[in-house]
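**Student:** Model the following, please.
(one chain, ligands or ions: 1)
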Amino acid sequence: MIIIFSIMWKYSFPQTDKYVAERNEMVRSQIAGRGITNSETLRAMRKVPRHLFVPEQYINEAYNDYPLSIGYGQTISQPYIVAYMTEVARPNSKKKTLEIGTGSGYQAAILAEIVDTVYTIEIVPELANESAARLKKLGYKNIIVKSGDGYNGWAEHSPFDIILVTAAANEIPKPLIDQLAENGRLVIPVGGPGGIQELMLLVKKNGRIEKKRLSFVRFVPFKRL
Ligand code: SAH
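**Tutor:** Coordinates of the predicted model:
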């Protein structure tokens, strides 16, 4: 009886089982294994179906340890980088978040599993439309996607407790610093396209900005309209 049930189970949800196992293994080896400890970040990384955020032809590589092309010259970041940026941002259920560079919508989904609301802006209109449709289909009601240049942030919803930029800028856009709440955290890769890029953390304390360099990274360039 148990054997029949388990066979029926296997054939009812074969895909689900496979990806759940891959996701748990990804978190074990690439995320927790490299020092990410924030329990909410780990929970979100175990939950969000990354394979549904990559193009069909890369579906079997979705949980691998590298970024993947999502078209239009853009990429979905490596899982570890997504987890690292999430942990550094110190997300919790009270926080209002702004992301610049929606791309596939994966980072937005990870954040939305933890924070109150995610506002996210994408400069490539096709990607903005695709990710908005994908996130809606997956049931995310606390993510608002906008198509446009994120340089100026999203003043009408500011201030933000967390601002996460997923494209590398030569300098930190001033409007983003202005739209950061008191004790807010801005995580952004800074540097030119071919050259050295550093992930920076900016924290606003008593209206002043404290800057910290985190690590060397490689992101697609921050573009302007
Ligand atoms: N967070 C994404 C990663 C996408 S890569 C994910 O989880 O899949 C970075 C994205 O930033 C690209 O889609 C690129 O088009 C976008 N981008 C670059 N400059 C931008 C800008 N000024 N405003 C908004 N999006 C921008």
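**Student:** Could you pull out the helices in this protein for me?
**Tutor:** Here the chain has its helices, by DSSP state H, at 2-12, 14-26, 39-47, 79-88, 106-112, 125-137, 174-178.
**Student:** thought residue 127 was touching residue 74?
**Tutor:** Yes: between residue 127 and residue 74 there is a contact under CB atoms under 8 Å: 6.5 Å. Placement of C-beta: from N, CA and C, glycine included.
**Student:** anything in contact with each of these two?
**Tutor:** Shared contacts of residue 127 and residue 74, defined by CB atoms under 8 Å, 6 or more residues apart in numbering, are found at residue 103.
**Student:** how about the helices of the chain in a markdown table, adding distance to residue 209, mean neighbour count and mean pLDDT?
**Tutor:** Formatted as a markdown table, the helices of the chain follow (distance: least, CB to CB, whole Å; neighbours: other CB atoms under 10 Å; pLDDT from 0 to 100):
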| stretch | distance to residue 209 | mean neighbour count | mean pLDDT |
| --- | --- | --- | --- |
| helix 2-12 | 53 | 9 | 66 |
| helix 14-26 | 34 | 14 | 87 |
| helix 39-47 | 24 | 18 | 98 |
| helix 79-88 | 16 | 22 | 98 |
| helix 106-112 | 22 | 26 | 98 |
| helix 125-137 | 29 | 17 | 98 |
| helix 174-178 | 6 | 16 | 98 |
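**Student:** And these: which comes nearest the ligand?
**Tutor:** Relative to the ligand, the nearest member of these by CB to the nearest ligand atom is helix 106-112, separated by 3.5 Å.
**Student:** pLDDT of stretch 31-38, averaged?
**Tutor:** For stretch 31-38, mean pLDDT is 98.
**Student:** mind exporting it as PDB, just the C-alpha atoms?
**Tutor:** C-alpha atoms of stretch 31-38 as PDB (Å, rounded to 0.1, in the frame of the first residue of the first chain):
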ATOM      1  CA  ILE A  31      24.400  29.500   0.400                       C
ATOM      2  CA  ALA A  32      24.600  28.100   3.900                       C
ATOM      3  CA  GLY A  33      27.900  26.400   3.000                       C
ATOM      4  CA  ARG A  34      29.400  29.800   2.200                       C
ATOM      5  CA  GLY A  35      28.400  31.500   5.400                       C
ATOM      6  CA  ILE A  36      24.900  32.900   4.900                       C
ATOM      7  CA  THR A  37      23.100  32.400   8.300                       C
ATOM      8  CA  ASN A  38      20.000  34.700   8.200                       C
END
